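Chemist: Sequence first, then the predicted structure, then my questions.
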Amino acid sequence: MNELKSLIEKIRSTGEHLPPTTIMEVCGTHTHAIRRYGIRQLLPEQVRLVSGPGCPVCVTDQSDIALALALARLPSVTFFCFGDMLRVPCGNDSLASLRAGGADVRLCVSPLDALDFARVNSSRKVVWYGVGFETTTPHTAALLEAAIASQTKNLSILCAHKTMPNALSALLGGETRVDALLCPGHVAAVTGASAFSFLPERFHMPAAIAGFEPEELLLAILSLLKMRASGTAKLVNAYPRVVNNAGNPAARALVETYLEPCDARWRGLGEIPQSGLALKPAFAAWDAKIRFSPVPGEVADAGGCRCGEVLRGLLEPNDCPLFGRACTPERPLGACMVSSEGACAAYYQYEGAGL
């Protein structure tokens, strides 16, 4: 407790002499931890924390969700996904509404659940919906490796995985203006800290890789404020108990064996070159897009939803006119209110509906 008090005092004494400073976190787990622990309320008035494109469900574009719905509608398909994707709206539908209408949509804890199902249900065409950043991509690669090894040919993968560095480059090169970045600890554990070295080198942006406990977050924030005060820009690894410079070579090698970079659309950011991952051509037999050639339907966002601006740090969730009124966790209109890692859901849960 004394260490936390000391950190808070150092943050306040450092921050109170700074010009207005905006720090963006780009990890959905950070977004929730910061609000759960009340860290925003501990900072000096001129230091502002905003959320960025750190929730993989939230940044999944409507076009990708429409593609998933088209596959899930096929009567011969059993569609597997993680729970947060179930309720993301796309036009008048979602995977949840399709399931309620009789589609075979199933939630799972691990992608290997889809493989187990496919092995014992050879008459079904099983699709795994791969969504997430570098943290979850190795699981999809491992699924593909296991499917190939077992020759489970009734399994396909709809790959919508995304990678963080090119998205941050696009974000910082656009209209969003931030002064420092809290980098995602989970992602860095896989990629290695060096994956974020471009932030100070290319953008002269102070950056700190943070953990998820209060002390770890506060240490990272303090390092950013010190750099801001000195006018320097470096990458600080404030999560050394988990993150090293090299990351997880085995996980990276697995991904590189089966997947390759591709252009991808991000909610709020548009199309970003080489920011997504697709199955390599050698594994086209397991690619759901190639196997089924699904035709997506409606891709419109809910009218008035400003999730895209929230993901770019341009808008606080409770500044959206729908927040806490037409859009709640029970009746979400946008992806940022659906996901357990979404900024709108975090604000609603920990800071009230703003009504």
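Modeler: On my side now, so go ahead.
Chemist: contacts for whichever helix in the chain runs longest?
Modeler: For the chain, the helix reaching the highest residue count under DSSP state H is reported as helix 214-230. Taking contacts as CB atoms under 8 Å, 6 or more residues apart in numbering, the residues outside helix 214-230 that touch it are 3-4, 7-8, 10-11, 14-15, 17-18, 21, 23, 30, 33-34, 37, 39, 42-43, 47, 179-182, 185, 206-211, 233-234, 236, 238-239. To be clear about C-beta, it is placed using only N, CA and C from the backbone, and glycine gets the same treatment.
Chemist: now do stretch 48-55
Modeler: Counting by CB under 8 Å, 6+ apart, stretch 48-55 makes contact with 20-28, 30-31, 34, 39-40, 43, 59, 167, 171, 176, 178, 181, 184, 266, 268-269, 310-313, 316-317, 335-336, 339, 341-343, 346, all of which sit outside it.
Chemist: Show only the entries of those found in helices.
Modeler: Those of those mapping onto helices are 28, 30-31, 34, 59, 167, 171, 310-311, 335-336, 343, 346, per DSSP H.
Chemist: Quickly list the domain ranges of the protein.
Modeler: In the assignment given by automatic domain parsing, the structural domains of the chain cover 2-52+176-237, 57-163+247-292, 307-344.
Chemist: So what does Pro249 have for phi and psi?
Modeler: With angles defined as degrees, to the nearest 10, Pro249 sits at phi -60, psi -40.
Chemist: Now do it, the pLDDT please.
Modeler: Here, the pLDDT recorded for Pro249 equals 97.
Chemist: Tell me how many other residues crowd it.
Modeler: Burial of Pro249 is recorded as 10 neighbouring residues (other CB atoms under 10 Å).
Chemist: list the contacts for Asn245?
Modeler: Contacts for Asn245 (CB under 8 Å, 6+ apart) come out as Gly192, Ala193, Ser194, Asn237.
Chemist: Could you find the closest non-adjacent residue to the first one?
Modeler: By that I understand Gly192. Closest residue to Gly192 in three dimensions, ignoring its sequence neighbours and counting by CB to CB, 6 or more residues apart in numbering: Gly247, at 3.0 Å.
Chemist: how many neighbours does that neighbour have?
Modeler: Taking other CB under 10 Å as the criterion, the count of residues near Gly247 is 19.
Chemist: list the buried ones in stretch 305-324?
Modeler: Under the neighbour-count criterion of 16 or more other CB atoms under 10 Å, stretch 305-324 has 305-317, 320, 322-324 buried.
Chemist: swap in stretch 232-244?
Modeler: For stretch 232-244, the neighbour count (16+ other CB under 10 Å) marks Ala233, Lys234, Leu235, Val236, Asn237, Ala238, Tyr239, Val243 as buried.
Chemist: before we move on, the earlier item: now for the domains of the chain, which one comes closest to Glu351?
Modeler: Glu351 lies closest, by CB to CB, to one member of those: domain 2-52+176-237, at 6.0 Å.
Chemist: Can you give me the end-to-end span of the closest one?
Modeler: 23 Å (CA to CA, to the nearest Å).
Chemist: and what of stretch 106-116?
Modeler: End-to-end distance of stretch 106-116 (CA to CA): 13 Å.
Chemist: which outside residues touch that stretch?
Modeler: Where contact means CB under 8 Å, 6+ apart, the residues beyond stretch 106-116 that reach it are 78-83, 86, 117, 126-128, 130, 139-140, 142-143, 146-147, 150, 152, 155.
Chemist: pLDDT (mean, whole number) over it?
Modeler: Averaging the model's pLDDT scores along stretch 106-116 yields 95.
Chemist: List the buried residues for it?
Modeler: By neighbour count with 16+ other CB under 10 Å, stretch 106-116 contains the buried residues Arg106, Cys108, Pro111, Ala114, Leu115.
Chemist: What of stretch 123-131?
Modeler: Buried residues in stretch 123-131, defined by neighbour count with 16+ other CB under 10 Å: Lys125, Val126, Val127, Trp128, Tyr129, Gly130, Val131.
Chemist: and which of these is nearest His161?
Modeler: Proximity of these to His161 was ranked by CB to CB; the top entry is Gly130 with 5.3 Å.
Chemist: For the one helix or strand Ala250 maps to, which helices and strands make contact with it?
Modeler: Counting by DSSP states H and E, the secondary-structure element that holds Ala250 is helix 249-258. With contacts defined as 3 or more CB pairs under 8 Å, 6 or more residues apart in numbering; DSSP states H and E, the packing partners of helix 249-258 are helix 137-149, helix 185-191.
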